[in-house]
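Visitor: Take a look and give me a structure for this.
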Amino acid sequence: MNPTKPTLKTEIIPLLLIVFCFVASFYFYAHFPQRIATHWGFNGEPNGWSSALFAAFFFPFLNLGMYLLFLVIPFLDPKKDRYAEFTKAYHIFKGFIIGLLAIVYFMVGLNGIGYYVPVGSITPVMVGLLFIIIGNYLNKFKSNWMMGVRNPWTLSSETIWNKTHRLAGKIFILAGIAMTSEAWLPIWLQLPIFITIITAVAIIPNVYSYILYRAEQKEKNI
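Guide: Numbering: from 1, shown residues only. Predicted structure coming up:
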């Protein structure tokens, strides 16, 4: 039995996005020049290029791979029974990841066939919205080995897990708002803000969980 209980309602949008990407890949491949931009810097200027074959088919296969990974993850988790407690959040997260990859693919593709798509402005907004979505649902995730803030301290205690994810959710929402605002900030500010956001998201929840663990151990030893 699948712990996340996929249904037509939960899978139809991700599957349609993947099919749409594969259908578009043949059109893009037929119209791409031999070399197209596939990576952009903070200034919105392309700084990485790929062949037409790679650019046309890599992202659809990547998206399919991500989708299959989301299907497999619950079965690999020793705590797979817990997934039934956050099934809705899991499917929403999966859908947004698949959607984000699809949008990135079409930005690359449209630029590749000659349409101007402001990648430097759109990407921070998309990533920011993803962070906000994650933040809204992060506290729904229950203790598991694959999703959420996983470290020795959160996995050692249900209380620490829940408190850490409540804080992490707020941090992700604030980070998402800050990330979204980057599209309207001067270029010279974007990289420092991006580094600050990623550092805060990575470090604060882990430090907080360690502090909670120390406090919990201290109470046990009294």
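Visitor: mind listing what the residue nearest the centre of the chain touches?
Guide: The residue lying closest to the centre of the chain (CA atoms, centre = their mean) is Ile97, at 5.2 Å. Going by CB atoms under 8 Å, 6 or more residues apart in numbering, Ile97 touches Met66, Phe70, Leu130. In this view, the C-beta of every residue, glycine as well, is placed from N, C-alpha and C.
Visitor: Show me just the buried residues among the residues you listed.
Guide: For the contacts of Ile97, burial is judged from neighbour counts taken by 16 or more other CB atoms under 10 Å, and it is met by Met66, Phe70, Leu130.
Visitor: what's the longest helix in the chain?
Guide: helix 187-221 (DSSP state H).
Visitor: Can you convert the buried ones among the contacts of Ile97 into JSON lines and add a column each for pLDDT and secondary structure?
Guide: Listed next are the buried ones among the contacts of Ile97 as JSON lines, based on pLDDT from 0 to 100; DSSP: H, G, I helix; E, B strand; the rest coil:
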{"residue": "Met66", "pLDDT": "96", "secondary structure": "helix"}
{"residue": "Phe70", "pLDDT": "95", "secondary structure": "helix"}
{"residue": "Leu130", "pLDDT": "90", "secondary structure": "helix"}
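Visitor: could you dump these to CSV with distance to Val119?
Guide: Compiled in CSV, these are given as follows (distance: CB to CB, whole Å):
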residue, distance to Val119
Met66, 20
Phe70, 26
Leu130, 16
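Visitor: for the residues you listed, which one is nearest Cys21?
Guide: Using CB to CB, Met66 is the member of these that lies nearest Cys21, at 11.4 Å.
Visitor: Please tell me how far Tyr208 sits from Leu62.
Guide: 33 Å (CB to CB, to the nearest Å).
Visitor: Between these two, tell me which one has more neighbours.
Guide: Tyr208 (20 against 14; other CB atoms under 10 Å).
Visitor: Which parts of this structure are strands?
Guide: 35-40, 46-51 (DSSP state E).
Visitor: Pull up the pairing partners for the last one, direction included.
Guide: By that I understand strand 46-51. strand 35-40 (antiparallel) (DSSP bridges).
Visitor: Just the CA coordinates for the strand it pairs with, please, in PDB.
Guide: Provided in PDB are the C-alpha atoms of strand 35-40 (Å, rounded to 0.1, in the frame of the first residue of the first chain):
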ATOM      1  CA  ARG A  35      23.700  26.200 -29.100                       C
ATOM      2  CA  ILE A  36      21.300  27.900 -26.700                       C
ATOM      3  CA  ALA A  37      21.500  29.600 -23.300                       C
ATOM      4  CA  THR A  38      20.500  27.300 -20.300                       C
ATOM      5  CA  HIS A  39      21.800  29.300 -17.400                       C
ATOM      6  CA  TRP A  40      21.600  32.900 -16.400                       C
END
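Visitor: quick check, distance from that strand to the centre of its chain.
Guide: 21 Å (CA atoms, centre = their mean, to the nearest Å).
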